[in-house]
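Novice: pasting a predicted model and its sequence here:
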Amino acid sequence: MAIKKYTENGKDLFQVYINLRSPTSKMRIQRKSKGFKSEAEARREERKLTIEATRDLERMDGRGIWWGDLVHLWGTEVKMGYLGKISPRSAEGYLSIIRKWTASWNELPAREINRAYGRDLIIKLDREGVAKTYQKKIKNIIGSVFDWAVQMKHLPFEFESPFLGIYISKGEEKPPQILSLAEIKKFLHAAKLLDHVWYPIWSFAILTGMRSGELHALIWDQIDLEKGTILVDRSYDSNTGIVGPTKGRYWRTVPINSSLKDLIIELKSKDIKSSGNQVLPRLKEWDNGDQAVSLQTFLTSLKMKPVKFHTLRACFATQMLANGVSAPIVMKIGGWKKSATMDIYLRLAGVETKGATDCLEFLPENISFGDNVVNLNDRRGT
């Protein structure tokens, strides 16, 4: 499948070419259409021709569409935005999960994938130690492909999902890794002392709670030192190399404290490896989405636990909460929408339970009995 641009009578036009081959026979279906004035118009035609050609191939094939082809069609629909507002990065992530865990299904007719296959996949996930929460995510993503296939009539209406009736237990909840205040200070002090190229990025992450993509896309126009705020309204996608809206698709402001202000002034005065209007250094690893590698390598060298880059955002939240900032304010600054995430950080910070046990003074050294207590050692001496 391809969309190509060509020129005719001095005008730029687009053509669509579809080439589908049966996985079970030598049957091939080709479709071609041209004369479209925009790429968007051509993509709509590509979708239409792909669906028509796939159905024709299914009818000729007899057994119906195969799983590998079904996943490809679903991925095309997702990337073209027909299944809702899903970012290119998320779409690629979903496809990566499907391809990884269902590779053995690719040469099976989709309608023949039943509950036995669903059960075997869950058993495989258990054996490989995949967390229960992640198992549910895998199940939901794959299940959504089957639901879509029924709606688009690639599968019969009476088809039942291979995960129907399969229950995944909640499993043990483990606390997320976090850096304590002492660890944050040790880590940033060492990075500053060594003039580490990642130091300003790590510091910005902990002082603002901004996501990696938001930091990567940060430009000087977003920083207002007079008002003491940073406007967060854009994010970089390492999969596509494109700057677009934030994850939540809305803008917010982050206050600048004295430490961050000093860092910003320092960055402004130094000749950092930035590109154009960019605030923070341009690093190849960061461009490729490998920001966790450098952080983990550095923390390991300090004999500290190697946390993920996203953990720095969690450190921001827990430190804010621990210092008395209310959860709604932290959510507003950091751009969190789900209170469930903030509940986890509240538990990590211990804010809601702080001081609750101060009334429990049961140990002898904490109890005063007055002057009428007889010393047993003195009694033994009489």
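Specialist: The structure has been received and is ready for your questions.
Novice: at the geometric centre of the protein, which residue do we find?
Specialist: The chain has residue 90 as the residue nearest its centroid, 7.6 Å off, counting by CA atoms, centre = their mean.
Novice: so where does that residue fall, helix or strand?
Specialist: Using DSSP states H and E, residue 90 maps to helix 88-101.
Novice: for that helix, name the packing helices and strands.
Specialist: helix 67-79, helix 115-127, helix 132-151 (3 or more CB pairs under 8 Å, 6 or more residues apart in numbering; DSSP states H and E). For glycine as for every other residue, the C-beta is placed from the backbone atoms N, C-alpha and C.
Novice: sorry, back to before: for the residue nearest to the centre of the chain, give me the pLDDT.
Specialist: Looking at residue 90, its pLDDT stands at 77.
Novice: just residue 36 next, same as before
Specialist: Taking residue 36 on its own, its pLDDT is 88.
Novice: how about the contacts made by it?
Specialist: 13-16, 42, 45 (CB atoms under 8 Å, 6 or more residues apart in numbering).
Novice: in this structure, which spans are strands?
Specialist: For the chain, the strands defined by DSSP state E occupy 2-8, 11-21, 28-36, 223-224, 229-232, 235-237, 242-244, 252-255.
Novice: about what we covered before: most packed of the helices and strands packed on helix 88-101?
Specialist: Comparing the helices and strands packed on helix 88-101 by mean neighbour count (mean count of other CB atoms under 10 Å), helix 67-79 comes out on top with a mean of 20.
Novice: tell me what that one is packed against?
Specialist: helix 39-61, helix 88-101, helix 132-151.
Novice: and it with helix 88-101, angle?
Specialist: Interaxial angle, helix 67-79 versus helix 88-101 (axes from the mean of the first three to the mean of the last three CA atoms, to 10 degrees): 170 degrees.
Novice: heads up, I number from 59, so please use that
Specialist: Sure, I'll start numbering at 59, so the last one becomes helix 125-137.
Novice: contacts for helix 125-137 next, please.
Specialist: With CB under 8 Å, 6+ apart as the criterion, helix 125-137 contacts 59, 78, 81, 105, 108-109, 112, 123, 141, 144, 146, 149, 152-153, 156-157, 160, 163-168, 171, 203, 206-207, 212.
Novice: what does stretch 160-176 give?
Specialist: 81, 121-126, 128-129, 179, 197, 200, 204, 207, 212-214, 217-224.
Novice: can you list the buried residues in that stretch?
Specialist: 160, 163, 166-169, 171, 175-176 (16 or more other CB atoms under 10 Å).
Novice: name the nearest of those residues relative to residue 325.
Specialist: residue 160 (46.1 Å; CB to CB).
Novice: residues near residue 112, how many?
Specialist: By other CB atoms under 10 Å, the residues close to residue 112 number 20.
Novice: contact partners for it?
Specialist: 78, 123, 127, 131, 212.
Novice: return the member of the residues you listed nearest to residue 386.
Specialist: residue 131 (42.8 Å).
Novice: how much space separates that closest one from residue 287?
Specialist: 45 Å (CB to CB, to the nearest Å).
Novice: repeat for residue 311
Specialist: 5 Å.
Novice: repeat that for residue 417.
Specialist: 42 Å.
Novice: compare the mean pLDDT across the helices and strands packed on helix 125-137 and name the weakest.
Specialist: helix 97-119 (a mean of 79).
Novice: buried set for that one?
Specialist: 100-101, 103-105, 107-109, 111-112, 115-116, 119.
Novice: quick one: contacts for the closest residue in space to residue 104 that isn't next to it in sequence?
Specialist: Counting by CB to CB, 6 or more residues apart in numbering, residue 74 is the residue found nearest to residue 104 once chain neighbours are left out, at 4.7 Å. By CB under 8 Å, 6+ apart, residue 74 lies in contact with 59-61, 89-92, 94, 100, 103-104, 107.
Novice: no further queries at this time; thank you.
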